[in-house]
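# sharing a model that was predicted from the sequence below.
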Amino acid sequence: MEMAIASHITLTPLISPKNPNTNSNTNTQRRFSFSSPLLRNQFFGRALSSTLIPKSPFDFHSRSSILSSIKCSVSAASEAATEAAAERRSQLMRRSDIRNIAIVAHVDHGKTTLVDAMLKQAKVFRDNQVVQERIMDSNDLERERGITILSKNTSITYKDTKINIIDTPGHSDFGGEVERVLNMVEGVLLVVDSVEGPMPQTRFVLKKALEFGHAVVVVVNKIDRPSARPDFVINSTFELFIELNASDEQCDFQVIYASGIRGKAGLSPDNLAEDLGPLFESIIRCIPGPHIDKDGALQMLATNIEYDEHKGRIAIGRLHAGVLRRGMDVRVCTTEDTCRFGRIGELFVYEKFHRVAAQAVEAGDICAVCGIDDIQIGETIADKIYGKPLPAIKVEEPTVKMAFAINTSPFVGREGKYVTSRNLRDRLYREIERNLAMRVEDGETADTFIVSGRGTLHITILIENMRRERYEFMVGPPKVINKKVDDKLLEPFEVATVEVPEEHMGPVVELLGKRRGQMFDMQGLGLKGQLYLNIRYQLVGSLA
């Protein structure tokens, strides 16, 4: 029996044993994301109570035909703070020769494969060059596990327009990466599988994109699958926009049908072009260029940090205003009252698959800066005299924590190189400098530290990286993080999607019952006898 499982985390009031029917106030829920390849194994030995929850009133939504021409709309922000920012942006000019986009989707919906095809068709590589699959997944763990862990930057040129592309992770454990890079772009490609449709992480990344007011182009990927159901996917995606309180402009999104592995795209699922030309055209027409203030005071938000043995810390971000030059004296700001001075040592822009040295960068482009040794994510590189900080980056809070401690076994030091509490502490606090979704606190003893993350996979990746770096340490069992909101104790819970053959539905429901789960939706997959079960249960249940 094969099952595919995906999940999404939010917070709900703790269910009292005396009152198992406690419901949460949906207006006060704080949503988190969670997904783990280990869930498939963790689900066995569980059972489920099949309590049905009424479906959304939006049973079916039709939208006007989009096959004849490309329709474009720039999303307008709905939040008050974003509206104020939009009003300010309306007074600025747009740069027409650049597009900054992020590719977001649920895990395994084909983001990285689609980026591969875009790079190849943009002639980033030579015709005789041998290129491995998922070229953007350069990290060893990414290639071993077949997942994207860190966001990556690249760029292509199409019809004299530079398109900066950011490939993002699909697992919701790494949702902090997605939240962070959305500060650098003006639009997103929302990739949706042509069979599965919108999944839990699709909801999370789309919600964040709409909050930023970004333009959205929906890419229905894997359209060449025999069981593809594009009408269902489009209507489900439209429902998702409605559920996330999108405006009328936001709901009028452009749809592109594509096969990332074949490198084809089109405006109709039955009439794909021989290349990704329709996708590139949609990016240029539907996603606006960046708002810039070329003559204003320099402002650049450090959105990502990389480290090079020779160059030191490298800050990556989009230049919002002014012109940044190599050797320029700047002010590094956290808040208006907390600033220090620095100098730009080296300056790079992204050309194709590489960083290329530049003497100057104009507002609107994404660049990398060296020379400021102590720069952190969320700090602003500003004009030395008139510069002001940009709003800080905010990400969702952790949901799971684990204890890290030094190795106290008799075999300490035989396999690792770094074994002391000072080594462990320095490494953990160095991790949170670039991993905004992770938290580190001192434990009850001097040799213990509490590491909090967005899920077990999030912390597992850190553990494996440290092991390969020859750190020796012990870890405790994962525990959920509860919090109080309006005097109510809340805990994370998961919404899991299980793909299962119809004849095995009963055993799966029985196995999941011990988690005190609630099945609130069941859908046919389009394949004969295949079902999707949507199940809600406490996060602590998946950690037992």
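Here it is on my side, so go on.
# okay, and the beta partners of His291?
When assigned by DSSP bridges, His291 has beta-bridge partners Arg94.
# residues in contact with it?
If you count contacts by Cβ atoms under 8 Å, 6 or more residues apart in numbering, His291 has them with 89, 92-94, 186, 364. Heads up, the C-betas are built off the backbone N, CA and C, glycines and all.
# out of those, which two sit at the greatest distance?
The largest separation in those, counting by Cβ to Cβ, is between Met93 and Glu186 at 13.6 Å.
# of the two, which one has the most company?
Glu186 (27 against 15; other Cβ atoms under 10 Å).
# can you list contacts of stretch 392-400?
By Cβ under 8 Å, 6+ apart, stretch 392-400 touches 9, 30-34, 175-176, 179-180, 183, 301, 303, 334, 377-378, 436-439, 452-456, 458-459, 478-481, 483, 492, 539, 543.
# quick check: buried residues in stretch 476-492?
For stretch 476-492, burial by neighbour count (16 or more other Cβ atoms under 10 Å) applies to 478, 480-481, 490-492.
# any idea which helix or strand carries Leu424?
Here Leu424 sits within helix 421-431, counting by DSSP states H and E.
# ok, back up a step: where helices are concerned, which of the contacts of stretch 392-400 count?
Cross-referencing the contacts of stretch 392-400 against helices under DSSP state H gives 175-176, 179-180, 456, 458-459, 539, 543.
# just give me the closest of the residues you listed to Leu141.
His458 (12.4 Å).
# list the contacts for that closest one?
Contacts for His458 (Cβ under 8 Å, 6+ apart) come out as 173-174, 400, 437-438.
# ok, now with 7 Å
173-174, 437 (Cβ atoms under 7 Å, 6 or more residues apart in numbering).
# check it and give its pLDDT.
If you check His458, the pLDDT there is 89.
# any idea how far it is from Glu309?
According to Cβ to Cβ, to the nearest Å, His458 and Glu309 sit 26 Å apart.
# swap in Leu189?
Leu189 sits 34 Å away from Glu309, going by Cβ to Cβ.
# point to the residue nearest the middle of the protein.
Val178 (2.7 Å; Cα atoms, centre = their mean).
# okay, now Lys295: neighbour count?
You called it Lys, but residue 295 is Asp. Using other Cβ under 10 Å, Asp295 has 10 other residues around it.
# contact partners for the closest residue in space to it that isn't next to it in sequence?
Excluding its sequence neighbours, the residue lying closest to Asp295 (Cβ to Cβ, 6 or more residues apart in numbering) is Gly322, at 7.8 Å. Going by Cβ under 7 Å, 6+ apart, Gly322 touches 296-299, 363, 383.
# quick check on these: which are buried?
By neighbour count, with 16+ other Cβ under 10 Å, the contacts of Gly322 hold 296, 298-299, 363, 383 as buried.
# widest-spaced pair of these?
Ala363 and Asp383, at 12.1 Å, using Cβ to Cβ across these.
# for the residue nearest to Asp295, give its distance to Asp447.
Gly322 sits 48 Å away from Asp447, going by Cβ to Cβ.
# before we move on, what about Ala360?
Shown here: Ala360 relative to Asp447, a distance of 50 Å by Cβ to Cβ.
# pick out whichever of these two has more residues nearby.
Legend: neighbour count by other Cβ under 10 Å for Ala360 and Asp447, higher for Asp447 (18 against 12).
# my guess is that one contacts Ser421, does it?
Yes. Assessed by Cβ atoms under 7 Å, Asp447 is found in contact with Ser421 at 4.5 Å.
# tell me the one of the buried ones among the contacts of Gly322 nearest Asp116?
Ala363 (30.2 Å).
# ok, the closest one - contacts?
With contact set as Cβ under 7 Å, 6+ apart, Ala363 has these partners: 292-294, 319-322.
# which of those scores worst on pLDDT?
Within the contacts of Ala363, Lys294 has the lowest pLDDT, namely 75.
# before we move on, back to that, between the contacts of His291, which is nearest Pro410?
For those, the closest approach to Pro410 (Cβ to Cβ) belongs to Glu186, at 57.6 Å.
# pretty sure Val361 sits in a helix.
No. Using DSSP: H, G, I helix; E, B strand; the rest coil, the secondary structure at Val361 is strand, not a helix.
# export the buried residues of stretch 476-492 to JSON lines and tack on distance to His354 and pLDDT?
Formatted as JSON lines, these follow (distance: Cβ to Cβ, whole Å; pLDDT from 0 to 100):
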{"residue": "Pro478", "distance to His354": "39", "pLDDT": "91"}
{"residue": "Val480", "distance to His354": "43", "pLDDT": "89"}
{"residue": "Ile481", "distance to His354": "40", "pLDDT": "89"}
{"residue": "Leu490", "distance to His354": "46", "pLDDT": "85"}
{"residue": "Glu491", "distance to His354": "46", "pLDDT": "82"}
{"residue": "Pro492", "distance to His354": "40", "pLDDT": "82"}
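# give me the contacts around stretch 433-453.
Contact partners of stretch 433-453, identified using Cβ under 7 Å, 6+ apart, comprise 175-176, 180, 305, 376-377, 393, 395, 398, 400-406, 421, 424-425, 428-429, 431-432, 454, 458-459, 481.
# from those residues, which would you call buried?
Here, 16+ other Cβ under 10 Å leaves 175-176, 180, 305, 376-377, 393, 395, 398, 400-406, 421, 424-425, 428, 432, 454, 458-459, 481 buried among the contacts of stretch 433-453.
# and the ones in helices among the contacts of stretch 392-400, which two are the farthest apart?
Using Cβ to Cβ, these span at most 26.2 Å, a distance reached by Arg180 and Leu543.
# re earlier: need the residues touching each of Asp447 and Ser421.
By Cβ under 7 Å, 6+ apart, Asp447 and Ser421 have these common neighbours: Ile406.
# now distance to Glu503 too, for the buried residues of stretch 476-492, in CSV please.
Output for the buried residues of stretch 476-492, formatted as CSV (distance: Cβ to Cβ, whole Å):
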residue, distance to Glu503
Pro478, 34
Val480, 34
Ile481, 39
Leu490, 38
Glu491, 35
Pro492, 33
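# export the longest strand anywhere in the chain to PDB, keeping only CA atoms.
The residue-count maximum for a strand in the chain (DSSP state E) belongs to strand 488-501. The C-alpha trace of strand 488-501 is given here as PDB (Å, rounded to 0.1, in the frame of the first residue of the first chain):
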ATOM      1  CA  LYS A 488      -6.000  30.400  26.100                       C
ATOM      2  CA  LEU A 489      -3.300  27.700  26.000                       C
ATOM      3  CA  LEU A 490      -2.700  26.800  22.300                       C
ATOM      4  CA  GLU A 491      -0.700  24.000  20.800                       C
ATOM      5  CA  PRO A 492       0.200  23.300  17.100                       C
ATOM      6  CA  PHE A 493      -1.800  20.800  15.200                       C
ATOM      7  CA  GLU A 494      -1.300  19.300  11.800                       C
ATOM      8  CA  VAL A 495      -3.500  19.100   8.700                       C
ATOM      9  CA  ALA A 496      -2.300  16.000   6.800                       C
ATOM     10  CA  THR A 497      -3.300  14.900   3.300                       C
ATOM     11  CA  VAL A 498      -3.100  11.200   2.700                       C
ATOM     12  CA  GLU A 499      -3.300   9.700  -0.800                       C
ATOM     13  CA  VAL A 500      -4.500   6.100  -0.500                       C
ATOM     14  CA  PRO A 501      -6.300   3.500  -2.600                       C
END
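# list the buried residues in the helix or strand just after it.
Under the assignment DSSP H and E, the closest C-terminal helix or strand after strand 488-501 is helix 505-511. Buried residues in helix 505-511, counted by 16+ other Cβ under 10 Å: 505, 508-509, 511.
# who's in contact with the helix or strand hosting Cys367?
According to DSSP H and E, Cys367 maps onto strand 366-370. Residues outside strand 366-370 that contact it (Cβ under 7 Å, 6+ apart): 100, 153, 164, 184, 311-312, 314-316, 318-319, 324, 344-350, 355, 361, 381.
# inside strands: which ones of those?
Counted as lying in strands by DSSP E, out of these, are 100, 153, 164, 312, 314-316, 318-319, 324, 346-350, 355, 361, 381.
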